[in-house]
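Asker: pasting the structure only:
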């Protein structure tokens, strides 16, 4: 060992002995004060760590979307024609605990209850609004003045695969091919394989298939997409 380091080493040892003696002879109140200061510092560090956590979709300056569990085409369980209120109730019941506010089902019919095209009625997307998916905060897209997506930056979901009930054809229309959305009378009130409903793709960023990916039989268990209001 280099002898020139001896004075530094001796100084460090003496300092540690002095510090130990101070701790042993300190008044209890002084120790309590030191512990209190330590608690304050620890709380400050924990608060800073919490405040620097990743932002949620609600922090992005737009609105959120999430995907429910699968349900069949008999959404209007009461059979009174108000399928949209029951679809919205599914969104409310399955809203993730990390989200707040009101959510409604991005689901349409060719009737007058809820539609996106033709001026829209009771539609759930807002004009010129950015929408983010809840699962990872990815930007799905920004709606047009007509409150529809024409381009997509991300799909409606990356965690859930397959189709979802949309009730829409290309261009967000619910007419013609979707006129019989799971219905023998009212819309969305039949869960048999003798009826069909229009579906969209949860994993597509194509401006057609994202909302209009054909149709499937109404006994299938498919999710719906819920939009923040």
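Answerer: Done, it's in. Please read all numbers here as calculations on a predicted model, not as lab measurements.

Asker: Pretty sure residue 140 sits in a strand.
Answerer: Yes: counting by DSSP: H, G, I helix; E, B strand; the rest coil, residue 140 is located in a strand.

Asker: Tell me if I'm right that it and residue 153 touch.
Answerer: Yes: look at residue 140 against residue 153 with CB atoms under 8 Å: they come within range, at 6.5 Å. Quick note: C-beta positions are derived from backbone N, CA and C, even for glycine.

Asker: Compare neighbour counts for these two and give me the winner.
Answerer: A count of neighbours by other CB atoms under 10 Å puts residue 140 above the other of residue 140 and residue 153, at 24 against 14.

Asker: Residue 74 versus that one, what's the distance?
Answerer: For residue 140, the distance to residue 74 equals 28 Å [CB to CB, to the nearest Å].

Asker: and what of residue 160?
Answerer: Residue 160 is 21 Å from residue 74, where distance means CB to CB.

Asker: Could you pull out the helices in the protein for me?
Answerer: Listed in chain order, the helices of the chain (DSSP state H) span 6-25, 28-51, 83-94.

Asker: Enumerate every residue touching residue 166.
Answerer: 106-108, 198-200, 211-212, 225 (CB atoms under 8 Å, 6 or more residues apart in numbering).

Asker: Might you list the low-confidence residue ranges for the protein?
Answerer: Along the chain, the parts satisfying pLDDT under 70 run over 1-54, 111-112, 118-119, 174-177, 185-186.

Asker: Could you list the domains of it?
Answerer: Following automatic domain parsing, one finds the domains of the chain at 3-51, 55-229.

Asker: Just the buried positions in stretch 56-73, please.
Answerer: Going by neighbour count (16 or more other CB atoms under 10 Å), the buried part of stretch 56-73 is 57-58, 62-68, 71-73.

Asker: Report how far apart the opening and closing residues of it are.
Answerer: Taking CA to CA, to the nearest Å, the first and last residues of stretch 56-73 lie 31 Å apart.

Asker: How about stretch 196-208?
Answerer: By CA to CA, the extent of stretch 196-208 from end to end equals 19 Å.

Asker: chain center to that stretch: distance?
Answerer: Here stretch 196-208 is found 18 Å from its chain centre; the criterion is CA atoms, centre = their mean, to the nearest Å.

Asker: All good on my end, thank you.
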